[in-house]
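J.: Model the structure of this input:
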Amino acid sequence: MKIRSIILLVAVSLFLSTLTGCIGVNRQFHEVKNKIMGELGDDYKTEFQFSVGPALIHVSSLFVDLAADQEYIDDMLREISSVQVGIYNRIEGARYKADFTILNSIDKEMSKNGWKYIVRTIESDELTTIYISADPEELLEKIYVINLNDEELVIVEVNGDLKKVISYVIEERSFNLKM
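T.: Take a look at the predicted model:
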C-alpha cells in the first residue's frame, strides 16, 4: 500500500510539473499589466487572465496536426513555449480615451523595462502596439501585443523561438523579400 501511494504521488507530481504555467500569469506579465494600468489610472478590472504552458501547447499542436491541412501551423506551434493573455474591462465612468498621449505614456513605461515597439497603430477609439525586447540577445524570443480601446485592455505575451515562427510564415507564403 505504501509503495502504491508513493508511485501515485510521484506520477501526479510529474504530471502537474508538465502543466506548469497553465493557470495564472507569471510575475513579469503581472508587473507589465500593473504598469500599463497605472498609466491608465487603474480604471480597469480583470475579466480574466491565463497562461498556457508548454504541455498544453504541445497537446494543442497534436490536435492541430490532425485537423489542419497546413503542416506549417503545427510546426509554428511547436516553436511557441508559452502564451499569457489578460483581458481587462474598463470601469464604467472612467475618464480614459485612447489617444496618442496614452500611447506615448505606455511606450515610455515599456521602454524603461527593456521593450521597444515595432508596430503601433491608433484609430479613433483603439490603439495597438507590438513590443519586442530591446536586448539583442533576446530578440524575437518574447513579444507583447497590447490593444486598448474604449471598452477594454488586452495584453498578450508570446514566448518561444519567434524567429522560426516568422520563417515558417515567410516560407509558407513564399514572400519575395529583397534585401
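
J.: Buried residues in stretch 155-174, which are they?
T.: 155, 156, 157, 158, 159, 160, 162, 165, 168 (16 or more other Cβ atoms under 10 Å). Just so you know, the C-beta spots here come from the backbone N, C-alpha and C atoms, and that holds for glycine as well.

J.: what about residue 31, neighbour count?
T.: 11 (other Cβ atoms under 10 Å).

J.: could you say which helix or strand contains it?
T.: Using DSSP states H and E, residue 31 sits within helix 27-39.

J.: Looking at the very next helix or strand once past that helix now, give me its mean pLDDT.
T.: Counting by DSSP H and E, the next helix or strand C-terminal to helix 27-39 is strand 44-52. For strand 44-52, mean pLDDT rounds to 85.

J.: Report the residue spans of the chain with pLDDT below the cut-off.
T.: The model of the chain has pLDDT under 70 over residues 1-24, 54-72, 74, 94-98, 173-179.

J.: Scan it for its longest strand.
T.: strand 80-90 (DSSP state E).

J.: Kindly calculate the angle that it makes with helix 27-39.
T.: 30 degrees (axes from the mean of the first three to the mean of the last three Cα atoms, to 10 degrees).

J.: Just the buried residues of the helix holding residue 31, please?
T.: In helix 27-39, counting by 16+ other Cβ under 10 Å, buried: 29, 32, 33, 36, 37, 39.

J.: what comes into contact with it?
T.: With Cβ atoms under 8 Å, 6 or more residues apart in numbering as the test, helix 27-39 has contacts from 25, 43-44, 49, 51, 84, 86, 88, 102, 105-106, 109-110, 113, 144, 146, 153, 155, 157.
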